[in-house]
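Trainee: no sequence on this one, just coordinates:
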């Protein structure tokens with residue numbers, strides 16, 4: 001499998017694959033590259049609809065130039081625990097960050113969320129985040145405030161009375177439930193508009209259909225989150241093929 005940075009020719013092949021509607025995995029297979037490499041490349045350079053090979057190549061060269069200029073201030077090296085490849089961890093963190101950004105999360109917020117999620121402890125202090133990400137305390141504070149507002153992190157004090165930011169096992173469940181509540185509120189507001197715009201008029205009918213659709217989505221999110229919640233609290237079991245499958249404590 002080839003290593004190193006993507007070549008300009010490979011980026012052109014990625015652009016052609018996207019234009020043909022190919023999945024990232026198929027594009028990666030044709031390039032003999034990891035799927036994560038293609039995903040990261042696309043998501044950090046405009047996404048599947050905005051990706052341009054020449055622009056992506058120039059942007060990568062600019063980033064490499066900036067890294068060389070700031071080499072003395074490199075972030076803390078990734079952990080080597082559990083036999084991990086530090087470079088693979090760093091690249092995966094970039095991929096995870098770009099996918100969070102594609103979901104609508106601001107860049108710094110996505111970086112903080114990825115950093116917290118990918119630590120074994122699931123928590124870091126503000127000083128640790130500053131050191132790892134090489135950004136200002138103000139940037140960390142702003143990102144944490146946003147994540148708290150979305151229910152994605154919480155604060156707690158450790159034994160040294162330091163404030164730690166925590167991503168716990170239940171955080172995605174709480175986030176999904178918050179999303180379901182917001183969606184249900186949209187349905188309620190849409191229904192209020194039906195009466196104001198007079199039922200059976202085109203605008204009112206549109207709002208009624210929106211309310212019905214959003215109600216269904218909200219109920220589906222809530223039901224699925226409740227049913228799958230235990231997955232967040234299970235440990236994977238090794239299978240005979242060397243992969244892992246979730247196990248539950250329930251009998």
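Mentor: Arrived safely, thanks for sending. Only a predicted model underlies this, so the values are computations on that prediction, with no experimental measurement involved. Numbers count the residues shown, from 1 in each chain.
Trainee: you'd agree residue 164 is in a helix?
Mentor: No - Residue 164: not assigned to a helix; according to DSSP: H, G, I helix; E, B strand; the rest coil it is strand.
Trainee: what residues does it make contact with?
Mentor: By CB atoms under 8 Å, 6 or more residues apart in numbering, the contact list for residue 164 reads 123-125, 155-158. (Glycine included, C-beta is placed from N, CA and C.)
Trainee: swap the cut-off to 6 Å and go again
Mentor: For residue 164, the contacting residues are 123, 125, 156, 158, by CB atoms under 6 Å, 6 or more residues apart in numbering.
Trainee: from residue 113, how far off is it?
Mentor: Using CB to CB, to the nearest Å, one gets 15 Å for the distance from residue 164 to residue 113.
Trainee: what are the structural domain limits within the protein?
Mentor: For the chain, automatic domain parsing gives the domain ranges 8-69, 81-166, 171-233.
Trainee: buried subset of the contacts of residue 164?
Mentor: residue 123 (16 or more other CB atoms under 10 Å).
Trainee: which of the contacts of residue 164 lies closest to residue 176?
Mentor: Checking the contacts of residue 164 against residue 176 with CB to CB, the nearest one is residue 123 at 21.0 Å.
Trainee: so that closest one touches residue 166, yeah?
Mentor: Yes - applying CB atoms under 6 Å as the test, residue 123 and residue 166 come out as touching, 4.2 Å apart.
Trainee: and residue 134, how close does it get to residue 53?
Mentor: Remark: distance between residue 134 and residue 53 (CB to CB) = 30 Å.
Trainee: cool, residue 11 as well?
Mentor: 4 Å.
Trainee: show me where the chain has its helices.
Mentor: Along the chain, the stretches classed as helices by DSSP state H are 8-19, 24-31, 35-43, 47-50, 53-69, 86-102, 107-117, 126-133, 137-149, 171-196, 202-228.
Trainee: what would the ones you listed look like in CSV with mean pLDDT?
Mentor: CSV is the format used below for those (pLDDT from 0 to 100):
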stretch, mean pLDDT
helix 8-19, 92
helix 24-31, 92
helix 35-43, 87
helix 47-50, 84
helix 53-69, 74
helix 86-102, 85
helix 107-117, 93
helix 126-133, 93
helix 137-149, 93
helix 171-196, 89
helix 202-228, 94
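Trainee: tabulate those (a markdown table), appending distance to residue 234 and mean neighbour count.
Mentor: As requested, the helices of the chain are exported to a markdown table (distance: least, CB to CB, whole Å; neighbours: other CB atoms under 10 Å):
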| stretch | distance to residue 234 | mean neighbour count |
| --- | --- | --- |
| helix 8-19 | 36 | 18 |
| helix 24-31 | 26 | 17 |
| helix 35-43 | 24 | 21 |
| helix 47-50 | 32 | 11 |
| helix 53-69 | 38 | 13 |
| helix 86-102 | 21 | 17 |
| helix 107-117 | 17 | 22 |
| helix 126-133 | 28 | 17 |
| helix 137-149 | 24 | 16 |
| helix 171-196 | 13 | 16 |
| helix 202-228 | 11 | 15 |
